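**Q** below is the sequence, then the predicted model.
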Amino acid sequence: MLGKILKGPEQSEVPNLSLGQYFFKRAEEFGDRECQVDAVTDRRESFSGLKLRSTRVALGLQKRGITSGDVVVVCSNMTLDAAVPNVASFFLGAKVANLDPSLSVKQTSHLIGLVSPKVIFVEEASVPLIEESLRSANHKTEIVVFGNSEQYSTFSDLDTPQTEEESFRPVEVDTQDVVIMLFSSGTTGLPKAICHSHHSFMQMSFSFCNTVDKLDSLLSFTTFYWISGLLFLACSFIGGTRRIICGAIEPQKTFRVIETYKVTCIFLAPILTYQLTNFLNHRDYDTSSLYTIVSGGTGISSAQICKLAATFPHSHIVYIYGLSEIGLATMNRPEDSHKITQSKLGSSGKVAPGFALKVLFSFTSVSA
């Protein structure tokens, strides 16, 4: 610690590209490598496939007048389609905000009012939520539906071959421009929109990927409303790894997915870990591929960390502390997890690469 400042390891320099340029470039490099897999149907999509669909949707949005100055909102549970309008918006340099279908009309209306989207992509089941929220917010916008709709445009209308798709390239924007808008938890008041530039989100994504090893096969149950969902999407493009999508967490299904798809890294909110540690038949499944279990978002008890370690004896338990405003603040490298479990159980590790923290007295702004 120097001058009351805790500093993490030096961060390797991130590419001076927009998210759209970087995702496009990496998708070209990884080509037919698997990018995402639906574990329910075993439908698989390559980086080339996701790039092509995102290009088509980007062109469709351009024809609707969407530019880098506009906001695109996506409200969907995690599916193979959910990533497409996000990546398409990155290609256009537009700002992206995601909503969770589990939110109430009051919450959704407030968040829509904060970001004023020009278009909203919404899953078919959540159309009534968006309609009522828009009325409550007194905001008019175009709705595009994942699925069927007689009233609105559909995602399949946009995901069609375009004459310009071969020559399309991402729009050039300033990497300090806002690209992702997250929402605060609302603990101390109504949620607020948190803006991340291309550079800041690349920085936190590379920090995570450079700390957590073996990201070959990623499993997360969070939607893109949560920063963890977007981080896993970015990690997939950084490392050329695949994301596994399997819907809501169910213990038996989760163990089967880990075994079948050789999952190497999983993100679990602490509350979700109990479903897995309480599953009595966990020894019936081979989870030896699971190198890292990442948990964060709320506190987790020392007893539960020990239960996780017992349930997944081959895995490293990595507890992280982060904020939507900056991403990861602290975490430990997977190889240090056993040492921390033995000597500093409950620790959230060390300052993440590329970050610095100032130490203050508790409940004051006085430097320690």
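**A** It's in.

**Q** top helix in this protein by residue count?
**A** For the chain, the helix with the greatest residue count under DSSP state H is helix 47-63.

**Q** hmm, who's touching the helix or strand just after it?
**A** The C-terminal neighbour of helix 47-63 among helices and strands, as given by DSSP states H and E, is strand 71-75. Residues from elsewhere that reach strand 71-75, judged by Cβ atoms under 8 Å, 6 or more residues apart in numbering: 61, 66, 82, 85-86, 88-89, 94-101, 108, 112, 115-123, 126, 129-130, 141, 181, 224. C-beta: built from backbone N, CA, C; applies to glycine.

**Q** what's the ChimeraX syntax to select whichever of the residues you listed are buried?
**A** For the buried members of these, the matching ChimeraX selection, counting by 16 or more other Cβ atoms under 10 Å, is:
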select :61,66,82,85,86,88,89,94,95,96,97,98,99,100,101,108,112,115,117,118,119,120,121,122,123,126,129,130,141,181,224
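
**Q** just the ones of the contacts of strand 71-75 in strands?
**A** Of the positions in the contacts of strand 71-75, K95, V96, A97, N98, L99, V119, I120, F121, V122, E123, M181 sit in strands, assigned by DSSP state E.

**Q** residues touching the third one, list them.
**A** Spelled out, it's A97. Shown here is A97, whose contacts under the criterion Cβ under 8 Å, 6+ apart are V71, V72, V73, V74, L111, V115, P117, I180, M181, L182, F183, A193.

**Q** leaving out sequence neighbours, find the closest residue to it.
**A** Nearest residue to A97 in three dimensions, chain neighbours excluded: M181, at 4.1 Å (Cβ to Cβ, 6 or more residues apart in numbering).

**Q** surely H198 meets V171?
**A** No. H198 is beyond contact range of V171, at 11.6 Å (criterion: Cβ atoms under 8 Å).

**Q** out of the ones in strands among the contacts of strand 71-75, what pair is the most spread apart?
**A** Checking these against each other with Cβ to Cβ, the farthest-apart pair comes out as K95 and E123, at 20.8 Å.

**Q** H198 and V171: which is more packed in?
**A** In terms of neighbours (other Cβ atoms under 10 Å), H198 is the more surrounded of H198 and V171; the figures are 26 against 17.

**Q** would you mind giving the contacts of A97 as JSON lines with pLDDT added?
**A** What follows is the contacts of A97, written out as JSON lines (pLDDT from 0 to 100):
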{"residue": "V71", "pLDDT": "98"}
{"residue": "V72", "pLDDT": "98"}
{"residue": "V73", "pLDDT": "98"}
{"residue": "V74", "pLDDT": "98"}
{"residue": "L111", "pLDDT": "97"}
{"residue": "V115", "pLDDT": "97"}
{"residue": "P117", "pLDDT": "98"}
{"residue": "I180", "pLDDT": "98"}
{"residue": "M181", "pLDDT": "97"}
{"residue": "L182", "pLDDT": "96"}
{"residue": "F183", "pLDDT": "94"}
{"residue": "A193", "pLDDT": "94"}
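
**Q** thinking again about what came up before, closest to L52 among the ones in strands among the contacts of strand 71-75?
**A** F121 (17.7 Å).

**Q** and that closest one, what are its bridge partners?
**A** According to DSSP bridges, the residues that bridge with F121 are V74, V144.
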